[in-house]
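> Turn this into a model:
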Amino acid sequence: MKKVTKEVYLKWYEEMLFWRKFEDKLAALYIQQKVRGFLHLYNGQEAVLAGALHAMDLKKDRMITAYRNHVQPIGMGVDPRRVMAELFGKVTGTSKGMGGSMHIFSKEYRFYGGHGIVGGQIPLGAGLAFADKYFKRDSVTLCYMGDGAVRQGSLHETFNLAMLWQLPVVFICENNGYAMGTSVARTAYTTDIWKLGLGYEMPCAPVDGMDPLTVAEEMSKAIERARSGGGPTFLEMKTYRYRGHSMSDAQHYRTKDEVEEYKKIDPISQILDVIKEKKYATEEEIKAINDSVKNLVKECEKFAEESEYPPVEQLYDMVYEQEDYPFVKHKL
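The predicted structure is shown next:
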């Protein structure tokens, strides 16, 4: 694994704090109806992404996930201003304002969505890995899913073929406990989701998804296994989300006390504690990071607010064009 230095801890703190504040701002903007449709926030799960990014080679590895997908592309290198603009439905967004919250996408930074169908991204993740193996590219695909998605039959079909073809893919279940609002214990006989890999003799394990260091260690092993031809891995990241499944979730299935208990092991607080304990930064330097994050969030909001909405002609420009079917003009 790449060495975890003082600089890494400071980067983890700054990035996770930015992701948290970015989405806190989105929640406020949603209430103001500046962000429409559905909005699924990542608050509490940031360590899963931070640790994975440390283990990845961002110049060639890929990522695909479900619809809780705002901060992942930012971590991969996408301009956060463009992500916020997409959520506003503006033409400067990652998909020119036509994807919205659940469909962030960046081919340039190898982030392949953002998918609204529960479990729909699982076979697609294996497909990306298949292409890499077919074309002999030295890349690994990270395929994320929630604990609700593992009930989909497509997962089993995908696991079977991924092992049969020894695809360079790491499957990651972000188990935040409740899927859309129903606990794992009410939907499965066994609550150890990682054991689903055993049926396919796929290397699998549970991971503390609230600690970026632990995530980085386990992800490094899985990515190296995939890159060296050892095939797929299935990791269950045991994490927690502080907000509801989406902004419309009343959260009747859990208590406020439970949420507060999990906040005691908040990934951002854990990293900040290490920074202070090891004296990686002074209070002034920490404040400077906090101020920088706050200013960047404001900059993202300003960019999105001032951007234009897409013209109606764009609807036709984005439609698939077929030469022998001239009945819908591609451009107006």
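
> buried stuff in the helix or strand hosting Glu261?
Using DSSP states H and E, Glu261 sits in helix 256-263. Residues of helix 256-263 classed as buried: Tyr262 (neighbour count, 16 or more other Cβ atoms under 10 Å). From N, CA and C alone the C-beta is placed, and that goes for glycine too.

> The residue lying closest to Lys195 once chain neighbours are set aside: neighbour count?
Once flanking residues are discounted, Lys195 sits nearest to Cys204: 7.0 Å by Cβ to Cβ, 6 or more residues apart in numbering. Using other Cβ atoms under 10 Å, Cys204 is surrounded by 23 other residues.

> pLDDT weak spots in the chain?
Counting by pLDDT under 70, the chain has low-confidence residues at 326-332.

> quick one: the strands in it?
Secondary structure of the chain (DSSP state E): strands located at 62-64, 141-146, 169-175, 204-208, 233-238.

> ok, now how distant is the residue nearest the centre of the chain from Gln251?
Nearest to the geometric centre of the chain sits Gln72, at 4.1 Å (Cα atoms, centre = their mean). Taking Cβ to Cβ, to the nearest Å as the measure, Gln72 falls 23 Å from Gln251.

> Ok, Gly244 next?
Counting by Cβ to Cβ, the separation of Gly244 from Gln251 is 5 Å.

> neighbour-wise, which of those two wins?
Applying other Cβ under 10 Å to Gly244 and Gln251 shows that Gly244 carries more neighbours, namely 19 against 14.

> on that earlier part again, looks like the residue nearest to the centre of the chain contacts Glu46 (just checking).
No - Gln72 lies out of contact with Glu46 (Cβ atoms under 8 Å); the separation is 10.5 Å.

> helices or strands up against the longest helix anywhere in the chain?
Counting residues, the longest helix found in the chain (DSSP state H) is helix 6-31. Contact here means 3 or more Cβ pairs under 8 Å, 6 or more residues apart in numbering; DSSP states H and E; on that basis helix 6-31 packs against helix 46-55, helix 71-76, helix 80-88, helix 267-277, helix 283-306.

> List the buried residues in that helix.
8-10, 12-23, 25-26, 29-30.

> ditto for stretch 119-134
Neighbour-count burial for stretch 119-134, counted by 16+ other Cβ under 10 Å, picks out 119-130, 132-133.

> which residues sit against it?
62, 64-66, 112-113, 115, 137-145, 149-152, 154-155, 157-158, 161-162, 165-169, 171, 226, 232 (Cβ atoms under 8 Å, 6 or more residues apart in numbering).

> Separate out the buried members of those residues.
For these, a burial check counting by 16+ other Cβ under 10 Å picks out 62, 64-66, 112-113, 115, 139-145, 149-150, 152, 154-155, 158, 161-162, 165, 167-169, 171, 226, 232.

> what's around Gly231, how many residues?
When neighbours are counted by other Cβ under 10 Å, Gly231 registers 19.

> for Ile271, same thing?
Ile271 has 27 neighbours, counted by other Cβ under 10 Å.

> show me the residues around it that make contact.
The neighbours of Ile271, taking Cβ under 8 Å, 6+ apart as the test, are 9, 12-13, 16, 212.

> Out of the residues you listed, flag the one nearest to Asp291.
Taking Cβ to Cβ as the measure, Asp291 lies nearest Tyr13 of those, at 13.5 Å.

> Contacts only, for that closest one.
Per Cβ under 8 Å, 6+ apart, neighbours of Tyr13: 268, 271-272, 275, 286, 289.

> For Met98, state which of these is nearest.
Looking across the contacts of Tyr13 and measuring by Cβ to Cβ, the closest to Met98 is Ile268, at 32.6 Å.

> The closest one and Gly146, how far apart?
Distance, Ile268 to Gly146, using Cβ to Cβ: 21 Å.

> Then Phe18?
According to Cβ to Cβ, Phe18 and Gly146 sit 23 Å apart.

> just to revisit the earlier point, between Gly244 and Gln251, what contacts are shared?
Common contact partners of Gly244 and Gln251 (Cβ under 8 Å, 6+ apart): Gly181.

> and Glu86, what is it in contact with?
For Glu86, the contact set (Cβ under 8 Å, 6+ apart) comprises 93-95, 97, 99-101, 104.

> repeat that with 7 Å
When contacts are counted by Cβ atoms under 7 Å, 6 or more residues apart in numbering, Glu86 is found next to 93-95, 97, 99-100, 104.

> can you check Ser246 too?
With contacts defined as Cβ under 7 Å, 6+ apart, Ser246 is in contact with 38-40.
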